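Student: Build me a model:
(chains A and B)
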2 protein chains.
Amino acid sequence: MTPDRVAAVIDFLALADRLKHVERRGRTVGPDGADRHENAAEHCWNVALVALLLHREVADPPELGHVLAMIAAHDLVEIEAGDTFAYDEVHILTQAERERAAADVVFGRLPPDLSTRLRALWEEFEEGETPAARFAMACDRAQGFLHGVIGTGHWRHEGVSEAQTAKRMDPARQVAPVFEALIAALYDRARAGGMFAAPLP
Amino acid sequence: MTPDRVAAVIDFLALADRLKHVERRGRTVGPDGADRHENAAEHCWNVALVALLLHREVADPPELGHVLAMIAAHDLVEIEAGDTFAYDEVHILTQAERERAAADVVFGRLPPDLSTRLRALWEEFEEGETPAARFAMACDRAQGFLHGVIGTGHWRHEGVSEAQTAKRMDPARQVAPVFEALIAALYDRARAGGMFAAPLP
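Tutor: Presented below is the predicted three-dimensional model:
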């Protein structure tokens, strides 16, 4: 690696460190019982763990390296664009545009070959059409939902009804039977815990 | 997936969530300038990102899926054993024994096939003999060192000298020229920033 390339990689990693300070809506509960917002970096690791556990459960599994690379890169744009709560009906309208502008800034800091590679991983995830992207999407949504169920069931406090979550979780359930089984079990726990808000009248 | 298997995976992921509350010695600096301890879950994502950026820079790169799977699993034992600071000369003596006991507890919560798979990934990482494990080790150490350099240069406050860090970083430098180049550049920045403690007399 040339000194310029080394410097660019270090500077990119210094920028990427900020993902540890991008708060998501869900909350994680510590061993002392206190809870705090989960951040996007922790989420990315957690989605990778879900992928690792479920990868061999699907027929024709996508290549694991490609899936895990996509997961490691999928939220980097949030360094610039912030996290958009899945049930925020206002900010979600501008999410794609904000994240595309953020991608120019964030991936633009890398040497051209790495920039192209990470941006392609992010675009593949966003487009959600390849089997690898669909598997990664299902892991991403399953992690978010699971994190609410094992955490504070934050939907209730955010005014989010079960029907609203179903709109987000249905595409994940359809990816493979293992996601259907996992998400059904999580809904059982969420309902038993009274975690959803009442539907709007 | 059978209902029992689904329940075991959910319960394991609930346990794994605690990795977000295992503090490492290094500190991460937020956009407001305030710093806090990095946690082990964030670290695992960050190591995956380092691996993704450097993977194609080494001759004969190990299979990326295997490397990223190992990285996702490599710190799970810290849920039970806690993080051991690399320069803590007392606790490091019992680290291997504590982590082996922790592995029984943590991986023991998974269905047998997944338990075997994740434990094997952790053991391969710990043994550090395969090319994939050596690459992952170099990414792990490079991330820890980089995190200090872009963060608060915490060695100075911990009484850790440059020579002590060299003992830890030399094996990483030897894995491939890209790590040599990256770590040399980081040492330049650390020295310029006065980040190391004076050597003991």
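Student: need the longest strand for chain A.
Tutor: strand A:23-29 (DSSP state E).
Student: and A:Asp4, how many residues sit next to it?
Tutor: 9 (other C-beta atoms under 10 Å in any protein chain shown). C-beta: built from backbone N, CA, C; applies to glycine.
Student: Would you mind giving the secondary structure of the residue nearest to the spatial centre of chain A?
Tutor: The residue lying closest to the centre of chain A (C-alpha atoms, centre = their mean) is A:Asp140, at 4.3 Å. Of the three states, A:Asp140 takes helix under DSSP: H, G, I helix; E, B strand; the rest coil.
Student: hang on, it packs against A:His74?
Tutor: Yes: the pair A:Asp140 / A:His74 is scored as a contact, 7.0 Å apart, by C-beta atoms under 8 Å.
Student: so what sits against both of those two?
Tutor: Residues touching both A:Asp140 and A:His74 (C-beta atoms under 8 Å, 6 or more residues apart in numbering or on different chains) are A:Val47.
Student: related to what we said a few turns ago, who does the longest strand of chain A pair with, and is each partner parallel or antiparallel?
Tutor: strand A:35-39 (antiparallel) (DSSP bridges).
Student: how far off strand A:35-39 does the helix or strand following the partner strand point, in degrees?
Tutor: Downstream of strand A:35-39, the first helix or strand assigned by DSSP states H and E is helix A:40-54. Here helix A:40-54 runs at an angle of 80 degrees relative to strand A:35-39 (axes from the mean of the first three to the mean of the last three C-alpha atoms, to 10 degrees).
Student: what sits against A:Tyr187?
Tutor: A:Tyr187 neighbours (C-beta under 8 Å, 6+ apart): A:Glu162.
Student: pLDDT averaged over the one helix or strand it maps to - what is it?
Tutor: Assessed by DSSP H and E, A:Tyr187 sits inside helix A:177-192. Averaging pLDDT along helix A:177-192 yields 97.
Student: What is the burial count for A:Lys167?
Tutor: A:Lys167: 10 neighbours (other C-beta under 10 Å).
Student: who's in contact with the helix or strand hosting it?
Tutor: In this structure, A:Lys167 is located in helix A:162-173 according to DSSP H and E. Helix A:162-173 is contacted from outside by A:86-87, A:137-138, A:141-142, A:145, A:155, A:179-180, A:183-184, A:187, A:190-191, A:196, A:199, using C-beta under 8 Å, 6+ apart.
Student: Can you say which of those residues are buried?
Tutor: Neighbour counting with 16 or more other C-beta atoms under 10 Å in any protein chain shown marks A:86-87, A:137-138, A:141-142, A:145, A:155, A:179, A:183, A:187, A:190, A:196 as buried within those.
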